[in-house]
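*Asks:* Structure, please.
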Amino acid sequence: MTVAATSPDNTSGLADIFDFKAYLAKAKATVEQALDQSLVPERPESLREAMRYSLLAGGKRLRPILCLAACELAGGDVAQAMPTAVALEMIHTMSLIHDDLPAMDDDDLRRGRPTNHKVYGEAVAILAGDALLTRAFEMVALRSPGVPPERLLKVVGELSLVAGAPGLVGGQVVDLESEGKEVDLETLEYIHLHKTGALLSACVITGAMIGGADDELIAALRVYARGIGLAFQIIDDILDITASSEVLGKTAGKDLIADKTTYPKLLGLEESRKRAADLVQEAKGVLKPWADKAQPLLALADYITSRDR
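*Replies:* This is a model prediction of the structure:
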């Protein structure tokens with residue numbers, strides 16, 4: 001996928017061609033290597049094995065790549081943001097392990113293979129998720145050489161909010177409480193912005209913090225992140241209906257089985273697609289002042305609405 005890069009005074013132009021496919025492949029390979037190196041041999045080996053099973057199970061690696069891209073936009077050293085990028089993927093993986101448990105979504109398939117609790121049992125799966133969450137904070141606080149301490153403190157604060165009750169945990173609770181009930185659009189948006197959007201937002205914001213972004217850029221990136229976070233979950237809702245389990249790598253149709261309210265259920269498929277596209281356009285619009293440096297983030301926004309899994 002190539003994206004025509006335009007500058008504020010050359011809106012029609014082809015000043016550069018940004019090769020998003022090559023960018024994504026390179027960034028993903030770098031992230032995969034860092035994830036592998038983040039869990040070295042240690043006791044108990046059974047816990048480490050369960051942590052690695054889910055952390056290294058593949059996936060789009062969208063969250064760490066967003067972090068690295070935001071750091072780059074802010075003018076920072078991408079290598080310094082890598083520990084935080086790894087931490088974000090660890091938090092995401094924790095949420096998937098716990099979400100799949102019988103007490104919650106009770107899913108047997110994740111990323112094309114058995115879920116963690118199906119392989120290691122429920123107790124170890126819970127503990128593997130817990131260990132990934134705490135390791136995430138270790139990555140930021142203790143394994144981020146060269147980053148000014150005041151920036152790391154801001155990152156820790158951001159992650160503590162999005163990983164807990166004000167973020168994805170709170171969103172998960174409201175999601176569970178809403179199963180089988182009539183839910184309005186405001187509640188659905190709350191679920192999506194907290195359960196999914198909060199962590200996606202943190203990926204962008206923490207990367208920018210590591211890179212030393214000023215207040216103006218941070219404010220713009222919060223708007224960008226909110227838009228892509230909500231759009232991401234709307235597309236997830238759509239794919240749960242339109243894609244197969246083989247393509248998704250997880251059980252399709254789970255929302256329907258659990259009688260969950262989704263955007264397609266409230267708005268229909270076409271209106272949901274339009275809403276996601278509008279959110280992405282709004283997200284991209286706030287980055288216009290930085291358009292010449294924001295090609296990766298602009299392309300990642302488009303990728304969110306065009307993906308098929």
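
*Asks:* and the lengthiest helix in the chain, what does it pack onto?
*Replies:* Using DSSP state H to define each element, the chain has its longest helix at helix 215-242. The elements that helix 215-242 packs onto, with contact taken as 3 or more Cβ pairs under 8 Å, 6 or more residues apart in numbering; DSSP states H and E, are helix 185-192, helix 198-210, helix 254-257, helix 263-267, helix 269-285, helix 295-306. Every C-beta, even on glycine, is put in place using the N, C-alpha and C of the backbone.

*Asks:* just these: most buried one?
*Replies:* Most buried of the helices and strands packed on helix 215-242, by mean neighbour count (mean count of other Cβ atoms under 10 Å): helix 198-210, with a mean of 27.

*Asks:* for the record, mean pLDDT for that one?
*Replies:* Mean per-residue pLDDT for helix 198-210: 97.

*Asks:* between it and helix 185-192, how big is the angle?
*Replies:* Helix 198-210 and helix 185-192 are oriented at 60 degrees to each other (axes from the mean of the first three to the mean of the last three Cα atoms, to 10 degrees).

*Asks:* so where's the stretch 151-300 of the chain shaky on pLDDT?
*Replies:* Within the stretch 151-300 of the chain, the ranges that satisfy pLDDT under 70 run 243-258.

*Asks:* Using TSV, please lay out the helices and strands packed on helix 215-242 together with distance to Lys21.
*Replies:* Putting the helices and strands packed on helix 215-242 into TSV (distance: least, Cβ to Cβ, whole Å) gives the following:
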stretch	distance to Lys21
helix 185-192	28
helix 198-210	20
helix 254-257	30
helix 263-267	28
helix 269-285	19
helix 295-306	9
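
*Asks:* Flag every buried residue along the longest helix of the chain.
*Replies:* Buried residues in helix 215-242, counted by 16 or more other Cβ atoms under 10 Å: 217-218, 220-221, 224-240.

*Asks:* Give me the nearest residue to Leu185, chain neighbours excluded.
*Replies:* In this structure, Leu185 finds its nearest non-sequential neighbour in Leu266, 5.9 Å apart by Cβ to Cβ, 6 or more residues apart in numbering.

*Asks:* Roughly how far does the one you found sit from Ser38?
*Replies:* 39 Å (Cβ to Cβ, to the nearest Å).

*Asks:* And Leu152, by the same measure?
*Replies:* Distance of Leu152 to Ser38, given as Cβ to Cβ: 17 Å.

*Asks:* Show me where the stretch 51-200 of the chain has its strands.
*Replies:* 109-110, 113-114 (DSSP state E, counting those that start in this stretch).

*Asks:* Would you list the strands that the first one pairs with, along with their directions?
*Replies:* Right, the one you point to is strand 109-110. strand 113-114 (antiparallel) (DSSP bridges).

*Asks:* from the chain's centre, how far out does the partner strand sit?
*Replies:* Offset of strand 113-114 from its chain centre (Cα atoms, centre = their mean, to the nearest Å): 21 Å.

*Asks:* What of stretch 30-42?
*Replies:* On the basis of Cα atoms, centre = their mean, stretch 30-42 is displaced by 19 Å from the centre of the chain it belongs to.

*Asks:* Can you report how many residues neighbour Pro41?
*Replies:* Pro41 has 6 neighbouring residues, counting by other Cβ atoms under 10 Å.

*Asks:* The closest residue to it other than its chain neighbours is in what secondary structure piece?
*Replies:* In space, and not counting its chain neighbours, Pro41 is closest to Arg48: 6.9 Å by Cβ to Cβ, 6+ apart. Take DSSP states H and E as the rule and Arg48 turns out to sit in helix 45-55.

*Asks:* Check Ile17 too.
*Replies:* Here Ile17 is assigned to strand 16-19, by DSSP H and E.

*Asks:* Okay, buried residues for that strand please.
*Replies:* Phe18.

*Asks:* nearest to Asp308, of the strands of the stretch 51-200 of the chain?
*Replies:* Closest to Asp308 of the strands of the stretch 51-200 of the chain is strand 109-110 (Cβ to Cβ; 17.3 Å).
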